[in-house]
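Engineer: Return atomic coordinates for the entry below.
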Amino acid sequence: MSVNAKHIATFLFSAAAGLAAAKYMSMSPAENEKLAADSKGRANKLKTAAEELAGKAGAYFEELKTKGAQDFKAHLSNAEKMMNDLFGKKDAKTSNT
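Structural biologist: Model prediction:
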């Protein structure tokens, strides 16, 4: 059985988790409470930032959808005319000359 990157990553993650658990167990109860409070504060900040970005992303994609459709319609008429000029059927007058 060969060792690949997934096995190495699993080993390193497990080692880091073991060291973190040992560190946590060696901390005093006051330090444990402080660490938990700090973690909750950081998690709440991250949650708030994610909620703000989710709200902005919805509006951004809606704007992109409407603006993109308008730009596509504006340029589509030019592209359609160009394709008709290049590949469209020729009149009898133009083909005889």
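
Engineer: Quick check, pLDDT for the most centrally placed residue in the chain.
Structural biologist: By C-alpha atoms, centre = their mean, the chain has its centre lying nearest to Ala57, at 10.1 Å. Looking at Ala57, its pLDDT reads 87.

Engineer: Does it lie in a helix or a strand, and which?
Structural biologist: According to DSSP states H and E, Ala57 maps onto helix 29-87.

Engineer: For Ala69, list the residues it contacts.
Structural biologist: Counting by C-beta atoms under 8 Å, 6 or more residues apart in numbering, Ala69 makes contact with nothing. In short, each C-beta sits where N, CA and C put it, glycine included.

Engineer: Roughly how far does it sit from Ala30?
Structural biologist: Distance from Ala69 to Ala30, counting by C-beta to C-beta, to the nearest Å: 59 Å.

Engineer: Count residues in the vicinity of Ala15, would you?
Structural biologist: 10 (other C-beta atoms under 10 Å).

Engineer: The host helix or strand of it vs helix 29-87, what angle?
Structural biologist: According to DSSP H and E, Ala15 maps onto helix 5-26. Relative orientation of helix 5-26 versus helix 29-87 (axes from the mean of the first three to the mean of the last three C-alpha atoms, to 10 degrees): 150 degrees.

Engineer: Right, I'll leave it there.
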